[in-house]
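Engineer: coords please:
(one chain, ligands or ions: 2)
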Amino acid sequence: MSKTQFEHLFAPLQVGPMQVPNRICETTNTINSSMIPGEVDDNFIAHHGAKARGGVGWIGSETWLLNLPFPPDSPDEVGLSVGFAAHFAAYQNPPWVEGMKKFYEEVHAAGSVAIAQLTHLSSVWAPSAVPVIGAQDYVPHEMGEEEIEWCINSYADAAAVAKEIGADGVQIHCAHETLAYSFLSPVTNRRTDRWGGGAEERTRFPIAVLERVRERIGDSLALGIRISGKEFRQGGAEHLEMREMTCHIGDSGLIDFVDIDVGHCWGAPSYVPSSYYDHAEFREVGKAARTDLDENVSVLFSGRVNDPVVAERLLKEGYCDLIGMVRAGIADADFANKAREGRLSEIRRCISCTRCIDEASEPRTFPYAPTCSINPVIGHELRWEEEFKPAATPKRVVVVGAGLAGCEAARWAAMRGHQVTLLEQGERLGGQLRIAAKAPGRDDFEDQIYFEENEMVRLGVDLRLKTHADIDAIKALSPDAVAIATGSIPRVPHDLPGIDLPHVVQGWDVMQGKVSTGDRVAVVSQEDYYETPCIAEYLASKGKQVEVFHKSLHLGYEIARYSIAMVLAHMENCGVTVHPNLVLKEIDADGLEFLSSFGEKTYRKEGFDSVVLAYGSVPVHNLYDELKTDGSIPQVYVAGSAWLPRFMAEASQHGASIGLAI
Ligand SMILES: Cc1cc2nc3c(=O)[nH]c(=O)nc-3n(C[C@H](O)[C@H](O)[C@H](O)COP(=O)(O)O)c2cc1C
Ligand code: SF4
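Structural biologist: Ligands and ions are numbered 1, 2, ... in the order given. Now for the predicted structure:
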């Protein structure tokens, strides 16, 4: 192997009987990449296989869900409201097993190892009749002895299938919102029989599962657990208690590895931490496990490690033996190879926006496909494989606007061999990303700007900053194709009395430093995603006293359950007060008049120095319209927000698709 600057990261590791080629792990991520429900199809294989081919040593792919069928005399899965409603346990479905076998062959062909994560969820049944996660409002069925026994056997049955089809390791999922986790947690395990009690007694269920699984798979496969180092829920296990339980499980002598993270799916942090958290912020749980456990038990730590430099340091400083880098691989399936070869500036680092997990848990697009804000290929690997071809005839391409859509259009067109000129009126590329990156906890968004800047140089795109583009300037470049990606501007509500008053400003302008506000600020919001919380927090970070008046049931109404708690906790911590369900009717010099979103009551609020608007944005496509009318340029496209202001992923995908079509 050629020499690499990341000597710890690329050192192989023996985990029980399994030789892991390097320390980079795709811990299990159920991003639902298969397009055929209940099967492992070519999309699945393309998606997770790309990471193996991209140099990731340990491939966890997607979880093996064991929940169903329930024992024959139990009712069906009615009420299983938190997703994952397959009507059978996947490992009992022959096409699924066949697909998984084929997938494992692919992983091995790439030189990586494959881990099967075995999961029982706990939404329908649990050790005690206590709701397991906040996202769920019903009380689960309390399991009896026979049901517990049935579950333990189902883990063993699934492990036997994993062994048969070529998995290198089996992981019992004891973290997040799983059944084994709910046996460990003092909140959800209130049993007074042998399955409940103190920390040691609560480990009996996972240990019983591990024993039964070992009986079936012997020593030929690595066996381990995924466990939380800290629950982050009210009344939940704190770090010391989790350490005690992890040690008990380790002392059983049954496991070869412990995969440790923190949080659950409804918390702050969730176990998919957003950019509000530091890189590897909870690394101490890895170090504690490494200190506590026998050296034969390898420790895998994960949680917001997006960069090989950070990963190398964690390994070098003894925080863990293996490092989870899931979203690093979603954002860039080739990041490991690029790191090994020293091509660091080519890595597209995950910006921890959490769109991938939000989309997987509560899809906003139909038909669903795995989604990443910055990697347009994810979820569409087969299409890109088929459609990405060098241009038959290189064309002169002009792209106007260097936001995400424009950059991706330019990048893909250039990769296909076109000669691309990118015109940007600002001093730097990035568009709206540059505004978002100014919000507290969003500086990672700069990473994508950095990536695009590097790519423009690498691909020889003629990037012209501080350049105004009009129809004559474009035509002077004699393009064969033009993509207009001129973005959007903040929406100004029409017919709203007082909207022109001098103390009324736009949130985008505030964040770009174009305008300033007084000390007491009313943020009036008509948008449901991150724009409003970012503006509010930006103002709070500047010492302003901020109140948000918002049209929906809560702020960030379109942010999914994995992420919303992190946003609302941030609002609480920075002292922003939120008033939901209010629509602005009028502004005057002394106050604001609101109407209830759902009723007829009006409310008056006074005492603000400034009113900041967050009303979403409207597209800017006049240049596109002019070029279409002119008709002299053969191919004219409109990309991203200039067509329809949506989110980052949609802008990246739209731009990239145009780069593919030219
Ligand atoms: C889309 C998605 C699905 C996930 N599904 C699972 C899962 O099924 N089981 C699991 O243990 N963790 C799951 N995770 C959590 C990841 O394994 C990982 O712990 C988390 O993404 C944090 O690591 P990262 O910062 O490297 O992404 C999922 C994460 C993502 C992004
Ligand atoms: S969607 Fe966001 S969090 Fe997920 S991999 Fe892409 S950049 Fe990272």
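
Engineer: and the stretch 51-200 of the chain, which residues reach ligand 1?
Structural biologist: Residues of the stretch 51-200 of the chain found near ligand 1 (CB under 6 Å from any ligand atom) are Thr63, Gln117, His173, His176. Yep, even glycine has a C-beta here, placed from its N, CA and C like the rest.

Engineer: please convert the buried members of these into ChimeraX selection syntax.
Structural biologist: Remark: buried members of those, expressed as a ChimeraX selection using 16 or more other CB atoms under 10 Å:
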select :63,117,173,176
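
Engineer: and the residues of the stretch 51-200 of the chain next to ligand 1, which two are furthest apart?
Structural biologist: Spatial extent of these (CB to CB) is set by the pair Gln117 and His176 at 10.7 Å.

Engineer: who touches both of those two?
Structural biologist: Common contacts of Gln117 and His176 (CB atoms under 8 Å, 6 or more residues apart in numbering): Arg226.

Engineer: would you format the residues of the stretch 51-200 of the chain next to ligand 1 as a markdown table with distance to Glu7 and pLDDT included?
Structural biologist: Output for these, formatted as a markdown table (distance: CB to CB, whole Å; pLDDT from 0 to 100):
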| residue | distance to Glu7 | pLDDT |
| --- | --- | --- |
| Thr63 | 32 | 93 |
| Gln117 | 29 | 97 |
| His173 | 32 | 97 |
| His176 | 33 | 91 |
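
Engineer: nearest to Gln653 among the residues of the stretch 51-200 of the chain next to ligand 1?
Structural biologist: Gln653 lies nearest to Thr63 out of these, by CB to CB, at 26.3 Å.

Engineer: kindly list the main-chain dihedrals of Phe103?
Structural biologist: phi -60, psi -50 (degrees, to the nearest 10).

Engineer: so how far is Gly441 from it?
Structural biologist: Note on Phe103: its distance to Gly441, by CB to CB, to the nearest Å, is 36 Å.

Engineer: these two: which has the busier surroundings?
Structural biologist: Using other CB atoms under 10 Å, the more surrounded residue of Phe103 and Gly441 is Phe103, with 27 against 20.

Engineer: need the three-state assignment for the spatially closest residue to the more buried one that is not a sequence neighbour.
Structural biologist: Closest residue in space to Phe103, ignoring its immediate chain neighbours: Ile45 at 4.9 Å, by CB to CB, 6 or more residues apart in numbering. Of the three states, Ile45 takes helix according to DSSP: H, G, I helix; E, B strand; the rest coil.

Engineer: got the contact list for Ile45?
Structural biologist: Gly99, Lys102, Phe103, Glu106.

Engineer: so for the longest helix along the chain, mean pLDDT?
Structural biologist: Counting residues, the longest helix found in the chain (DSSP state H) is helix 145-164. Throughout helix 145-164, pLDDT has a mean value of 95.

Engineer: for that helix, which positions count as buried?
Structural biologist: Buried residues in helix 145-164 (16+ other CB under 10 Å): 148, 151-152, 154-163.

Engineer: how far off helix 145-164 does whichever helix or strand comes after it point, in degrees?
Structural biologist: Where DSSP states H and E defines the elements, the next helix or strand beyond helix 145-164 is strand 169-173. Relative orientation of strand 169-173 versus helix 145-164 (axes from the mean of the first three to the mean of the last three CA atoms, to 10 degrees): 150 degrees.

Engineer: elements contacting the helix or strand following strand 169-173?
Structural biologist: The helix or strand immediately downstream of strand 169-173 is helix 179-184, counting by DSSP H and E. For helix 179-184, the packing partners by 3 or more CB pairs under 8 Å, 6 or more residues apart in numbering; DSSP states H and E come out as strand 125-126, strand 169-173, helix 204-217, strand 222-228.

Engineer: so how far is helix 179-184 off the chain centroid?
Structural biologist: With CA atoms, centre = their mean, to the nearest Å as the basis, helix 179-184 stands 24 Å off its chain's centre.

Engineer: returning to what we had before: and the pLDDT for the residue nearest to Phe103?
Structural biologist: pLDDT at Ile45 comes out at 97.

Engineer: now do the one 5 residues further on
Structural biologist: Ala50 carries a pLDDT value of 98.

Engineer: for it, helix, strand, or coil?
Structural biologist: Assigned by three-state DSSP, the conformation of Ala50 is helix.

Engineer: isn't it up against Glu381?
Structural biologist: Yes: taking CB atoms under 8 Å as the definition, Ala50 is a contact partner of Glu381 at 6.0 Å.

Engineer: give me the number of residues near Ile351?
Structural biologist: The number of residues near Ile351, taken as other CB under 10 Å, comes to 28.

Engineer: same deal with Gly318?
Structural biologist: Other residues close to Gly318 by other CB under 10 Å number 12.

Engineer: the nearest residue to it once chain neighbours are set aside: what's it in contact with?
Structural biologist: Excluding its sequence neighbours, the residue lying closest to Gly318 (CB to CB, 6+ apart) is Arg290, at 6.0 Å. Going by CB under 8 Å, 6+ apart, Arg290 touches Val299, Gly318, Tyr319, Cys320, Asp321.

Engineer: related to what we said a few turns ago, now, which of the residues of the stretch 51-200 of the chain next to ligand 1 sits nearest ligand 1?
Structural biologist: Thr63 (3.8 Å; CB to the nearest ligand atom).

Engineer: ok, now which ones touch that closest one?
Structural biologist: Applying CB under 8 Å, 6+ apart to Thr63 gives the contacts Thr28, Thr30, Gln117, Leu118, Thr119, His173.

Engineer: one more: Asp321?
Structural biologist: So Asp321 contacts Leu13, Arg23, Arg290, Ser298, Val299, Leu300, Leu315 (CB under 8 Å, 6+ apart).

Engineer: just list whatever residues bridge to the fourth one.
Structural biologist: It stands for Ser298. Phe257 (DSSP bridges).

Engineer: list the helices and strands the helix or strand of the chain with the lowest mean pLDDT packs on?
Structural biologist: Lowest on mean pLDDT, DSSP states H and E among the helices and strands of the chain sits strand 125-126, with a mean of 86. Applying 3+ CB pairs under 8 Å, 6+ apart, we find strand 125-126 packed against strand 141-142, helix 179-184.

Engineer: which residues touch it?
Structural biologist: The set of residues external to strand 125-126 that reach it, using CB under 8 Å, 6+ apart, is Phe70, Val132, Pro140, His141, Glu142, Met143, Glu147, Leu179, Ser182, Thr188.

Engineer: from the buried residues of helix 145-164, which single one is nearest ligand 2?
Structural biologist: The closest of the buried residues of helix 145-164, once distances to ligand 2 are taken by CB to the nearest ligand atom, is Ala162, at 26.6 Å.

Engineer: need the strands for the stretch 1-150 of the chain, in chain order.
Structural biologist: Using DSSP state E, counting those that start in this stretch, the strands of the stretch 1-150 of the chain run over residues 13-15, 18-20, 24-26, 58-59, 64-65, 113-119, 125-126, 141-142.
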